[in-house]
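**Student:** sequence first, then the predicted structure, then my questions.
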Amino acid sequence: MSDAHLHLPADPTSRERLAAFGLRYEVVASSDRDAYTGWFRADARGFHDAEPAAEVLAQELEGLAFRRTVGIFDDTIVDRGAPVATVSSWPMQLTVPGRRDVTAWAISSVTVSATHRRRGIARNMLEGELRTARELGIPLAMLTVSEATIYGRYGFGPANRQSPYEVDTKRVRWTGPVPEGRVHYVNRDDFVENGPAVAERQRLDVPGEVERWPMWWRRRAGLIEPDSEQSRRIRVARYDDASGTPQGFAVFHLADMDGFRGTVVVDHLLSATRDAEAALWRFLLEQDLVVKATADLRSPADPLPWYVDDVRGVRKTDERDHLWLRVLDPVASLEARTYAAAGRVALRVADALGFADGTVLLETDDRGAASASRVAEPPTGVPTLDVPIASLGSLLLGGVTAETLLRVGRVQEATPGAAVATDAVFRSPVVPFTSIWF
Ligand SMILES: CC(=O)SCCNC(=O)CCNC(=O)[C@H](O)C(C)(C)COP(=O)(O)OP(=O)(O)OC[C@H]1O[C@@H](n2cnc3c(N)ncnc32)[C@H](O)[C@@H]1OP(=O)(O)O
C-alpha cells in the first residue's frame with residue numbers, strides 16, 4: 001500500500017468552509033503523540049465507547065497508523081486536545097464480481113461530538129473525504145455504517161446485506177458433508193499467524209470482501225487485552241485439509257453456561273474451502289452441554305440452514321444493510337468487475353457532488369470483460385437507465401437488481417426495458433457479502 005494518503009493535507013475546500021465556523025480541519029499525524037491520542041479519545045467518545053485503556057491505546061497508536069486520521073478542532077473548548085469530529089480513511093482492496101479487486105477508499109471513525117452536532121460538520125468531513133479519494137485517484141469509497149440514514153445524501157448506496165443466525169442445536173442433525181480433513185483446537189496466536197493466508201485465498205471468492213489489517217486479527221483473537229475475562233473466553237478451532245494445510249478458522253466462545261445449557265457464540269468463521277466451512281459448522285453445532293449456536297455478521301445467503309435435517313432449527317434473526325459504496329469514477333469502477341453477458345447499456349448518472357455526473361456507455365463481451373467510456377449522449381438504440389449515484393453503488397456488486405430499483409423509484413428507464421437489459425449484464429452468481437466491520 002502506498003502511503004500517499006498519509007501525507008496529503010486536509011481537503012482545502014472543506015478546510016475553508018470549516019474555518020468560516022472557527023474550526024480547524026487537519027490531518028493528525030501519528031508522530032504527534034498527543035494529538036493522535038486526543039483523536040483516539042474523541043473517536044471512542046463519539047461512539048459512546050469507554051475511554052481506551054492505556055494498553056489498548058498504545059496498540060492502536062501503532063496498529064492503526066496506516067490510516068489517515070483527520071480531526072476537526074475547536075480551539076475555544078476546554079478539552080482542546082481532543083478534536084470535535086473525527087474520521088479515518090485508507091486505501092483497501094474490495095472484491096468485485098469476477099474474482100477481481102479494486103482499490104477503494106475505506107472510511108471509518110466518523111464522529112462528531114455531541115456538543116457540535118447538526119451544524120454541517122459531518123457533511124464537510126465526508127465531502128472532504130470524497131475529494132481526497134479523487135485526488136489520490138481512487139475510483140470509489142466504501143464504509144460499513146452505524147445507521148442507514150446518514151450516507152445516502154453523500155451518494156453512498158447500500159451494496160450488500162448481512163444477517164445474524166440462531167440454531168437450535170438440539171433440534172438439528174447434521175446432514176451436510178463430512179470432509180476428510182481435521183478440526184483442531186489451536187491457541188489464539190495461531191489465528192493471527194495462519195489466518196491471513198486463509199483469508200487471502202478466500203477474499204476473491206465473494207464480491208464485497210475486503211482486506212484485513214494486522215490489528216484486526218489480534219482484536220478478533222482477543223489479543224489486544226489478552227487477560228480480560230472476555231478475551232480469555234475466546235476459543236479457536238482450525239480446519240486443516242487432508243494434506244495438513246490450514247483452510248479455515250472458527251473463533252467462538254461459550255455463553256449462558258449456567259445449568260450446562262450453553263450457547264456457542266460464533267465470533268467469526270473464516271473458510272477458504274467448502275470443506276473447511278462444513279467441517280467447522282459441524283464442529284460448532286455438535287458441541288455437548290450446548291443448546292444454541294448464534295453467529296452474527298453472516299451472509300443472508302449463508303448455506304447454514306441447508307447443512308441440517310430440520311431447516312426450521314436454523315433461524316435468520318435479522319437482515320440489514322452492511323457495506324455502502326460511493327462511486328467516484330464510474331468508468332474505472334465499472335471496468336473493475338466482469339459481467340454476466342455481452343451487451344451495451346448506457347447509464348445516465350446523476351451526481352449532485354459532480355464526481356460521476358454524466359453518461360457512461362458500458363460495453364461487455366461474451367467473456368464478461370467490460371469497457372466503459374463517458375459519452376455526451378447515449379447512442380441510439382442502446383438501453384439507457386437513469387441512475388442516481390447512490391443506486392450505482394448499490395448495483396455495482398450485483399447485490400440488487402435494476403428491476404427492483406426501478407420498482408421502488410431508485411432508477412428510471414430512459415428507454416423501455418433498460419432495467420432488464422442492465423440486469424442481464426450486471427447479474428452476478430455470488431451474493432455479495434463483507435464478513436467484517438471496518
Ligand atoms: C463509517 C462510520 O464511521 S459510521 C458511524 C457514524 N457515526 C456515528 O454513528 C457516531 C454518532 N453520530 C455522530 O457522531 C453524528 O451524529 C454524525 C457523524 C452521524 C453526524 O454528524 P453531524 O455533524 O451532526 O452531521 P451534519 O450536521 O453534517 O448533518 C448532515 C446531514 O446529515 C443528517 N444527519 C446527521 N446525522 C444523522 C443521523 N444520525 N441520522 C439521520 N440523519 C442524520 C443531518 O440532518 C443533515 O441532513 P441534511 O443534509 O438534510 O441537512
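**Tutor:** Noted; the coordinates are in hand.

**Student:** correct me if wrong: Ile72 contacts Thr111.
**Tutor:** No. Contact between Ile72 and Thr111 fails when scored by C-beta atoms under 8 Å: they sit 10.1 Å apart. All C-beta atoms are positioned from the backbone trio N, CA, C, and that covers glycine.

**Student:** could you look up the SS state of the closest residue to the ligand within the stretch 251-400 of the chain?
**Tutor:** Closest residue of the stretch 251-400 of the chain to the ligand, C-beta to the nearest ligand atom: Trp324 (8.1 Å). Using DSSP: H, G, I helix; E, B strand; the rest coil, the structure places Trp324 in strand.

**Student:** go on, the one 10 residues further on?
**Tutor:** When states are read from three-state DSSP, the local structure at Leu334 comes out as helix.

**Student:** how about the nearest residue to it, chain neighbours excluded?
**Tutor:** In this structure, Leu334 finds its nearest non-sequential neighbour in Ala372, 4.2 Å apart by C-beta to C-beta, 6 or more residues apart in numbering.

**Student:** wait, that neighbour sits on Thr359?
**Tutor:** No. Assessed by C-beta under 8 Å, Ala372 is found out of contact with Thr359, at 10.7 Å.

**Student:** pLDDT value on Ser2, please?
**Tutor:** As predicted, Ser2 sits at a pLDDT of 86.

**Student:** burial count for it?
**Tutor:** If you count neighbours by other C-beta atoms under 10 Å, Ser2 ends up with 9.

**Student:** same question, the one 3 residues further on
**Tutor:** Neighbours of His5 under the rule other C-beta under 10 Å: 20.

**Student:** wait, it sits on Met92?
**Tutor:** No. If you go by C-beta under 8 Å, His5 and Met92 don't touch, sitting 10.7 Å apart.

**Student:** near the ligand, which residues of the stretch 51-200 of the chain are found?
**Tutor:** 107-112, 117-123, 143, 145-147, 149-150, 153 (C-beta under 6 Å from any ligand atom).

**Student:** mind listing the strands for the stretch 151-300 of the chain?
**Tutor:** 157-158, 161-168, 182-186, 235-240, 246-255, 262-271, 290-298 (DSSP state E, counting those that start in this stretch).

**Student:** and the ones you listed as a markdown table, adding mean neighbour count?
**Tutor:** Output for those, formatted as a markdown table (neighbours: other C-beta atoms under 10 Å):
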| stretch | mean neighbour count |
| --- | --- |
| strand 157-158 | 22 |
| strand 161-168 | 20 |
| strand 182-186 | 14 |
| strand 235-240 | 21 |
| strand 246-255 | 22 |
| strand 262-271 | 22 |
| strand 290-298 | 19 |
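
**Student:** mind giving me JSON lines with those and columns for mean pLDDT?
**Tutor:** Output for the strands of the stretch 151-300 of the chain, formatted as JSON lines (pLDDT from 0 to 100):
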{"stretch": "strand 157-158", "mean pLDDT": "98"}
{"stretch": "strand 161-168", "mean pLDDT": "98"}
{"stretch": "strand 182-186", "mean pLDDT": "98"}
{"stretch": "strand 235-240", "mean pLDDT": "98"}
{"stretch": "strand 246-255", "mean pLDDT": "98"}
{"stretch": "strand 262-271", "mean pLDDT": "98"}
{"stretch": "strand 290-298", "mean pLDDT": "97"}
